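J.: Structure, please.
(one chain, ligands or ions: 1)
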Amino acid sequence: MAKMWAGRTAGETDQIADDFNSSIHFDCRMYQQDINGSMAHAAMLAKTGILSDEDADAIIDGLEGILKDLNSGKLEFDLSCEDIHMFIEQVLTERLGDVGKKLHTARSRNDQVALDLRMYLRDEATEISSLVRELTETLVAVAEKNMGVVMPGYTHLQRAQPILFSHHMMAYVMMLLRDRDRIADAVKRMNVSPIGSCALAGTTYNTDRIFEAEKLGFHSIAWNSLDGVSDRDFCVELMSAIAILMMHLSRFSEEIVLWSSWEFKFIELSDSYTTGSSIMPQKKNPDMAELIRGKTGRVYGDLMALLTTLKGLPLAYNKDMQEDKEAVFDSVDTVKVCLKVMIPMIATMKTLPDNMRKAANEGFINATDLADYLVKKGMPFRTAYKISGQIVSECIGKGLVLETFPIEEYKKHSELFDNDVYNDINIENCVEKRISAGGTSSASVKEEIELVKKELEK
Ligand code: ARG
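T.: Purely as a prediction, here's the structure:
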């Protein structure tokens, strides 16, 4: 079939080259945005007198018909068209004749692709953002439900100090709040209309770009036509925000994997989010969490791919930029499916407080509190730190823990020790004493939860 752009060239393009060049098999998902953009364009052309009202009405009706037929499945994508923009225009022209050919006045495909992608991604960003919110709320609910459950907090994956399990959950909540912020911020800059850049230099027609942008819900227009069609930083920004979000989901997934192992057994995932082994009958594998962790790699890859594609491009549009869509679509699809799996996986996960508490009993995670006890009684911290270390070492040799180390033995290390030491090293007390803002005591964590809830109400 003759190309829409046939004119300058008369020869047919090679079939392999045609397939190589075509993007309709992946940009067809933007058909709705393409049609909405064209409707607004026709309205602008009529408003400015570039097209007659009659022609614009016919075009808008025609586009509505195409949208309806695509939605109902009556009309199928013609994969021999180069891209979604060509396809819609071709169908419109088939249906309306010469009037259809007037739609492309004062715009270019370079504007269209930049426009459609911005509109598509701002919707996707909204959806991702509400999924992040749902995960945030799920975590807050888990934190509230498990209030009082004590576990060891770790550094270097070594038991460090006792914390509330809820405190650990709320750490992820904080990360997710920032993720949502980052996405909203990316949308702010994305929500600027490039339409009317007219390939690169603007146009001689007396267009009204602001009218068209407002019709499509943009808050502003790209004030430089070269920039409007040639940058894809809005994709890169969203993909960066998604990559960071995936990094958070991946770290959490790693903990889910660890915590569901026999070595930890802090949680048990619902059967709905685990798999068995084909050979080992006892296995219950946390595949979903592992996949989220795994898919983080490909999302990083998408971001790197687009950054690399863009880095050497002269202004303005270059065909290299067609590579933007598969990368950014993959990022948004992947993060959405990961969130959709993670939300119910966390909501249905069973916590095993006894095992967490047992782990908190081992590992001398109250040793800091032992040192603090001596400091409270007047000893300099470094000396207290050293004595506490020696006591831990002695306990290990004798198979004791700080709670079972006899008072007479304590006294041999310092005259400052008294029976009240057992109160200070009691694990629950160690948690509840950490009342600093952002600390792990129930009071601090409850305060944090209230703050987050207020933030979520905004
Ligand atoms: N399919 C192209 C893309 O995705 C649309 C813009 C093409 N413009 C052009 N002059 N070849 O980037």
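
J.: contacts, neighbours, all on C-alpha from now
T.: OK.

J.: low-scoring pLDDT stretches of the stretch 1-150 of the chain, where are they?
T.: Applying pLDDT under 70 to the stretch 1-150 of the chain flags residues 1-2.

J.: Next one: residue 247 from the ligand, what distance?
T.: 29 Å (Cα to the nearest ligand atom, to the nearest Å).

J.: so that residue sits right up against residue 295, yeah?
T.: No: look at residue 247 against residue 295 with Cα atoms under 8 Å: they stay out of range, at 9.9 Å.

J.: what comes up buried for the helix or strand residue 128 falls within?
T.: Assignment of secondary structure by DSSP states H and E places residue 128 within helix 109-145. Within helix 109-145, the residues scored as buried using 16 or more other Cα atoms under 10 Å are 109-122, 124-125, 128-129, 131-144.

J.: wait, does it make contact with the ligand?
T.: Yes: for helix 109-145, a contact with the ligand is found by Cα under 6 Å from any ligand atom, at 109, 110, 113.

J.: how many neighbours does whichever residue of the stretch 201-350 of the chain sits closest to the ligand have?
T.: Taking Cα to the nearest ligand atom as the measure, the stretch 201-350 of the chain has residue 322 as its residue closest to the ligand, at 3.6 Å. Neighbour count of residue 322, defined by other Cα atoms under 10 Å: 16.

J.: give me every residue that touches the nearest residue to it once chain neighbours are set aside.
T.: Nearest residue to residue 322 in three dimensions, chain neighbours excluded: residue 23, at 7.3 Å (Cα to Cα, 6 or more residues apart in numbering). Neighbouring residues of residue 23 by Cα atoms under 8 Å, 6 or more residues apart in numbering: 82, 83, 84, 322.

J.: ranges for the helices of the stretch 51-200 of the chain?
T.: For the stretch 51-200 of the chain, the helices defined by DSSP state H, counting those that start in this stretch occupy 53-72, 84-96, 109-145, 165-190.

J.: what angle do the last one and helix 109-145 make?
T.: This points to helix 165-190. 160 degrees (axes from the mean of the first three to the mean of the last three Cα atoms, to 10 degrees).

J.: what helices or strands is helix 165-190 leaning on?
T.: If you count contacts as 3 or more Cα pairs under 8 Å, 6 or more residues apart in numbering; DSSP states H and E, helix 165-190 packs onto helix 109-145, helix 233-259, helix 442-457.

J.: pLDDT score for residue 200?
T.: For residue 200, the pLDDT comes out at 96.

J.: quick one, helices of the stretch 251-400 of the chain?
T.: Using DSSP H, counting those that start in this stretch, helices in the stretch 251-400 of the chain cover 287-310, 324-347, 353-361, 367-376, 381-398.

J.: Need those helices in CSV (columns: distance to residue 157 and mean pLDDT).
T.: Formatted as CSV, the helices of the stretch 251-400 of the chain follow (distance: least, Cα to Cα, whole Å; pLDDT from 0 to 100):
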stretch, distance to residue 157, mean pLDDT
helix 287-310, 18, 98
helix 324-347, 22, 98
helix 353-361, 13, 97
helix 367-376, 17, 96
helix 381-398, 19, 97
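
J.: Can you tell me which of those helices is most buried?
T.: helix 367-376 (a mean of 20; mean count of other Cα atoms under 10 Å).

J.: one step back: would you mind telling me which of the helices of the stretch 251-400 of the chain is nearest residue 63?
T.: helix 324-347 (23.6 Å; Cα to Cα).

J.: angle of that closest one against helix 109-145?
T.: Using the same axes, to 10 degrees: helix 324-347 against helix 109-145 is 10 degrees.

J.: Could you list every helix and strand in contact with helix 324-347?
T.: helix 24-27, helix 109-145, helix 233-259, helix 287-310.

J.: List of residues touching that helix?
T.: 26-27, 117, 124, 128, 131-132, 134-135, 138-139, 142, 232, 235, 239, 242, 246, 269-270, 272-273, 288-289, 292, 295, 299, 302-303, 305-306.

J.: What of stretch 47-60?
T.: So stretch 47-60 is in contact with 38-39, 42-43, 45-46, 92, 96, 99-100, 102-103, 205-208, going by Cα under 8 Å, 6+ apart.

J.: let's go with 6 Å and repeat that
T.: 39, 42, 45, 46 (Cα atoms under 6 Å, 6 or more residues apart in numbering).

J.: What is the nearest of those residues to residue 197?
T.: Using Cα to Cα, these come closest to residue 197 at residue 45, 14.5 Å.

J.: The nearest residue to the closest one once chain neighbours are set aside: neighbouring residues, count only.
T.: Among residues not flanking residue 45 along the chain, residue 51 sits closest, at 5.2 Å (Cα to Cα, 6+ apart). Applying other Cα under 10 Å, we find 19 residues neighbouring residue 51.

J.: now residue 51: how far from residue 111?
T.: Taking Cα to Cα, to the nearest Å as the measure, residue 51 falls 19 Å from residue 111.

J.: do residue 157 as well
T.: 51 Å.

J.: tell me which parts of this protein are close to the ligand?
T.: So far as Cα under 6 Å from any ligand atom goes, the chain lies against the ligand at 23, 83, 109, 110, 113, 319, 321, 322.

J.: Distance to residue 364 added to those, as CSV?
T.: What follows is these, written out as CSV (distance: Cα to Cα, whole Å):
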residue, distance to residue 364
23, 61
83, 64
109, 66
110, 64
113, 60
319, 61
321, 57
322, 58
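
J.: State the pLDDT value of residue 163.
T.: 98.

J.: Then residue 399?
T.: The model's pLDDT for residue 399 equals 95.

J.: Next up, phi/psi of it, please.
T.: phi 70, psi 30 (degrees, to the nearest 10).

J.: Check the gap between it and residue 377 for me.
T.: Distance, residue 399 to residue 377, using Cα to Cα: 27 Å.

J.: Please apply the same query to residue 168.
T.: With distances taken as Cα to Cα, residue 168 is found 31 Å from residue 377.
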